[in-house]
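> Generate a structure from the sequence data that follows.
(chains A and B)
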Amino acid sequence: MAAGHYGLSNLIAIVDHNGLQIDGTNEEVMDLHPLDAKWSSFGWHVLMVDGHDHEALLDAYQEAEKQDRPVVLIANTVKGKGVSYMENQVEWHGKAPSDAELVQALKELGGDPS
Amino acid sequence: MKMATRDAYGAFLSTYAMDHPDIVVLDADLSKSTKTAAFQTVCPDRFFNMGIAEQNLMGVSAGMATVGKIPFVSTFAMFAVGRALEILRNSVCYPKLNVKVCATHAGLTVGPDGASHQTVEDLALMRALPNLTVLNPADGISAQALLAAAAQLEGPVYVRLGRASVPLCYEEQEVFAIGKAKELRAGSEATIIATGIMVQESLQAAETLAKEGIEVRVLDMHTIKPIDQEAILKAAEETGAFVTVEEHSVIGGLGSAVAEVLAENFPVPMKRIGIKDVFGESGEPEELLAAHGLTAQKIEEAVKGVLGRR
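Next up, the predicted model:
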């Protein structure tokens, strides 16, 4: 609201919008819908992007720089993307993997667990 | 002459702050009451009204401090330490940012607004925050001097300011150092340590006691943290009996800070005068101070009480 009021054209906010929070899904806990309308009603220019698509994110940043007001990128994402046992699982919101789970996650992400 | 410490703040902003271009002033829709409006008039480009959004007020101040500004941030003490506590803790104190929280309308002397607006616990809350310096000036002259000292200190500072006009305890040009108590009256039979607007009341009590032949030392503990341990222990050794006086809860403020120092180093008989773990209520400042026992007469009785226990 303050950013909109002061017309902060040099400000970009990014929402990592994976639809999950600690106690459950957004819809169950406290529905955010319609998220884009909430931001735009506060004076922000809203861009919706696939948060896993780097090209789309770069395009969005370039688009954001042209605006005369604050910009929010609502980046739709999958929590735990690329790690089979974490994907879309609420319980992985703030938990650290065990040593064995870490090795598996790094392997699945194409990293080197050693 | 009387002056509210919030008016001293307004005077400080429109003189000292105006001459220091790194200082920015932020408020949350209370600028006429906190007196930051005085700064807005002379420096509109360095004044930011954040609306009734104290958490954002504190967050934006933290952000401005990260780029080298010196934010002076104001709202009522109730909202600065109540509503915005977590932001003050995590975004200002934890990263040790150079933000000066100048909270007005502290204590009972807010008056008719009543308990919802009378912060009686701010010193306790602020004293518990690491990295934060906590100041509570007694009058308009010490307020301006301590605000200038706060501006020159690198790091977060909380300054407790009041709404009501109070008598001056000091002459112009008096010099103050953060962390160093001021001895306003010499005496060796007991010590009254007061803070904020209770300093004046304590001086009155000491004067009355002197007429009865009881010479009492009076210290203005304008810095609640870091507390002046040296002055406390010197007074403990030389006078051997203490009364603390504050327009604040007896829990966690000046009395607690002094008791902690004494208990661990040099225990002496002591009485805390303050608000007795209750909320305030609506009333005129003088009525409220009397109703809560924050008067010269109660201070005199307390001194006699600790003398009897020595």
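> Flag every residue of chain B that's near chain A.
B:Phe48, B:Met50, B:Gly51, B:Ala53, B:Asn56, B:Val60 (Cβ under 8 Å from any Cβ of the partner chain). Quick note: C-beta positions are derived from backbone N, CA and C, even for glycine.
> Got a quick PyMOL command for the buried subset of those?
In PyMOL, a selection of the buried entries from the residues of chain B next to chain A looks like this (16 or more other Cβ atoms under 10 Å in any protein chain shown):
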select buried, chain B and resi 48+50+53+56+60
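> So which of the residues of chain B next to chain A belong to strands?
If you go by DSSP state E, the residues of chain B next to chain A have B:Phe48 in strands.
> want to throw the residues of chain B next to chain A into CSV with pLDDT?
Shown next, in CSV, are the residues of chain B next to chain A (pLDDT from 0 to 100):
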residue, pLDDT
B:Phe48, 98
B:Met50, 97
B:Gly51, 97
B:Ala53, 98
B:Asn56, 98
B:Val60, 98
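> tell me the contacts of the most centrally placed residue in chain B?
Closest residue to the average C-alpha location of chain B: B:Asn136 at 1.7 Å, with Cα atoms, centre = their mean. B:Asn136 makes contact with B:Leu123, B:Val159, B:Arg160, B:Thr195, B:Gly196, B:Met221, B:His222, B:Thr223, B:Ile224, B:Glu246, B:Leu254 under the criterion Cβ atoms under 8 Å, 6 or more residues apart in numbering or on different chains.
> one more time with 7 Å
Residues in contact with B:Asn136, defined by Cβ atoms under 7 Å, 6 or more residues apart in numbering or on different chains, are B:Leu123, B:Arg160, B:Thr195, B:Gly196, B:His222, B:Ile224.
> If you drop the residues flanking it in sequence, what lies closest to the last one?
Distances taken as Cβ to Cβ, 6 or more residues apart in numbering or on different chains put B:Val134 closest to B:Ile224, at 4.2 Å, once the chain neighbours are dropped.
> ok, now the first one?
In space, and not counting its chain neighbours, B:Leu123 is closest to B:Gly253: 3.9 Å by Cβ to Cβ, 6+ apart.
> how much space between the one you found and chain A?
Per Cβ to the nearest Cβ, to the nearest Å, B:Gly253 is found 33 Å from chain A.
> number of nearby residues for that residue?
30 (other Cβ atoms under 10 Å in any protein chain shown).
> Is it in contact with B:Glu246, as I believe?
Yes: B:Gly253 is within contact range of B:Glu246, at 5.1 Å (criterion: Cβ atoms under 7 Å).
> any common contacting residues for the two?
B:Gly274.
> circling back: quick one: list the elements packing against whichever strand or helix holds the residue nearest to B:Ile224.
Using DSSP states H and E, B:Val134 sits within strand B:133-135. Using 3 or more Cβ pairs under 7 Å, 6 or more residues apart in numbering or on different chains; DSSP states H and E, the elements in contact with strand B:133-135 are helix B:122-127, strand B:157-160, strand B:223-225.
> Show residues contacting the helix or strand immediately after that strand in the chain.
As assigned by DSSP H and E, the chain's next helix or strand after strand B:133-135 is helix B:140-152. If you take Cβ under 7 Å, 6+ apart as the criterion, helix B:140-152 is touched by B:3, B:5, B:7-9, B:11-12, B:16, B:20, B:23, B:70, B:100, B:135, B:137, B:157, B:159, B:161, B:168, B:170, B:172, B:174, B:176, B:178, B:222.
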